[in-house]
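Engineer: Fold the following.
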Amino acid sequence: DYTSAFYVRIPFIDGLGIVRKVGELAETHGVSVNSILQNAIADRMMADCVITTEECKLSQVKALCAELEKEEFTRAAPLCMPLVAAVGEQSG
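Structural biologist: Predicted coordinates for the structure are as follows:
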C-alpha cells in the first residue's frame with residue numbers, strides 16, 4: 001500500500017445524483033476529492049467523468065472503485081492510477 005493523489009475515470013449511464021453518490025462513497029472510504037471533470041454528454045448511455053483525489057492510500061481508492069462498480073449507474077469498472085508530480089512540482 002502506498003500514498004499518492006489518484007486519477008479515477010468512472011464510465012457511467014447518465015442520471016440524477018451521480019456526483020452526489022460519488023462524493024458520498026469517497027467520504028465513506030476516506031478519499032478527499034480534489035477535482036471533478038465531466039464534459040458535455042453527447043450519449044447518455046456512454047458518459048464518463050473523472051475525479052482526482054488528494055493524497056490517500058491506494059487501498060482506499062481501490063475500495064472506492066469497488067463500491068462504484070456496484071452502482072447501477074456504473075457501466076464498467078472505474079480506472080484508477082496514481083498521479084505523478086512533474087519534476088520541480090514535488091512538494092516537501
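Engineer: Show me the contact partners of the lengthiest strand in the chain.
Structural biologist: Ranked by residue count under DSSP state E, the longest strand found in the chain is strand 3-12. Strand 3-12 is contacted from outside by 18, 22, 34, 46-58, 61, 64-65, 68, 73-76, 78-84, using C-beta atoms under 8 Å, 6 or more residues apart in numbering. Backbone N, C-alpha and C define where each C-beta goes, glycine included.
Engineer: what sits against Lys62?
Structural biologist: Taking C-beta under 8 Å, 6+ apart, one finds Cys80 in contact with Lys62.
Engineer: My impression was that it belongs to a helix - is that right?
Structural biologist: Yes: assessed with DSSP: H, G, I helix; E, B strand; the rest coil, Lys62 lies in a helix.
Engineer: Could you tell me what pLDDT the model assigned to it?
Structural biologist: At Lys62, the model reports a pLDDT of 97.
Engineer: now it: how far from Gly17?
Structural biologist: Distance of Lys62 to Gly17, given as C-beta to C-beta, to the nearest Å: 23 Å.
Engineer: Next: Asn34.
Structural biologist: Here Asn34 is placed at a distance of 21 Å from Gly17 (C-beta to C-beta).
Engineer: quick one, which of the two is more surrounded?
Structural biologist: More crowded of Asn34 and Gly17, by other C-beta atoms under 10 Å: Asn34, with 14 against 9.
Engineer: Return the members of the contacts of strand 3-12 classed as buried.
Structural biologist: By neighbour count, with 16 or more other C-beta atoms under 10 Å, the contacts of strand 3-12 hold 18, 22, 47-49, 51, 53, 56-57, 61, 64-65, 68, 73-74, 78, 80 as buried.
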